[in-house]
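> everything below, folded, please.
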Amino acid sequence: MSKSSIMKSMATILKGTVTALALFTMTQCTTTSGASAADEKTFIVGPQTADCTGVAPMKCLQVKEKPTDNWSNFYTNIEGFTYEPGYEYVIKVKTEKVENVPADASSIKYTLIKQISKTKK
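Numbers count the residues shown, from 1 in each chain. Purely as a prediction, here's the structure:
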């Protein structure tokens, strides 16, 4: 085998390897659920609700994303999550952008993925 035919064979093999590696990398970037990490959040839900005003006076969950954050009012519901006063929860939720929402509704839908913990407070 001549030097030039060996070089051509190696170039062909490298092209195929690069293509295969690129395809493998692209397929590994997708998750099995079809959601990216940006579509999931972990919330700490406080043991008490707070009076708040959305369209009308209501009770809001107290939520934060990190233990060092301040509690903030959470004005919408989390589908699949049942809140019980007196417990602090750590939950993982999926967030989805909602199209054509009414002016008084959230543009993000929250769905419970998993309750990580529930602690009596």
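> okay, CA-based contacts and neighbour counts for the rest of this
Noted.
> not counting sequence-adjacent ones, nearest residue to Tyr75?
Spatial nearest neighbour of Tyr75, chain neighbours left out: Cys60 (5.6 Å); criterion: C-alpha to C-alpha, 6 or more residues apart in numbering.
> so that neighbour is in which element?
strand 57-64 (DSSP states H and E).
> now that strand: buried residues?
Of the residues in strand 57-64, those scored as buried under the neighbour-count criterion (16 or more other C-alpha atoms under 10 Å) are 59-64.
> neighbours around Ile113, how many?
Residues near Ile113, counting by other C-alpha atoms under 10 Å, number 17.
> wait, a strand at it?
Yes. The secondary structure assignment for Ile113 places it in a strand, going by DSSP: H, G, I helix; E, B strand; the rest coil.
> tell me who's in contact with it.
For Ile113, the contacting residues are 91-94, taking C-alpha atoms under 8 Å, 6 or more residues apart in numbering as the criterion.
> the residues you listed in strands, which ones?
When the contacts of Ile113 are checked against strands using DSSP state E, the ones located there are 91-94.
> save these as TSV, and put in distance to Glu84, pLDDT and neighbour count too.
Written out in TSV, the entries for the ones in strands among the contacts of Ile113 read as follows (distance: C-alpha to C-alpha, whole Å; pLDDT from 0 to 100; neighbours: other C-alpha atoms under 10 Å):
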residue	distance to Glu84	pLDDT	neighbour count
Ile91	13	98	19
Lys92	17	97	18
Val93	17	97	22
Lys94	20	96	21
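> if we can go back for a sec, got JSON lines for the buried residues of strand 57-64, with pLDDT too?
As requested, the buried residues of strand 57-64 are exported to JSON lines (pLDDT from 0 to 100):
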{"residue": "Lys59", "pLDDT": "95"}
{"residue": "Cys60", "pLDDT": "96"}
{"residue": "Leu61", "pLDDT": "97"}
{"residue": "Gln62", "pLDDT": "98"}
{"residue": "Val63", "pLDDT": "97"}
{"residue": "Lys64", "pLDDT": "97"}
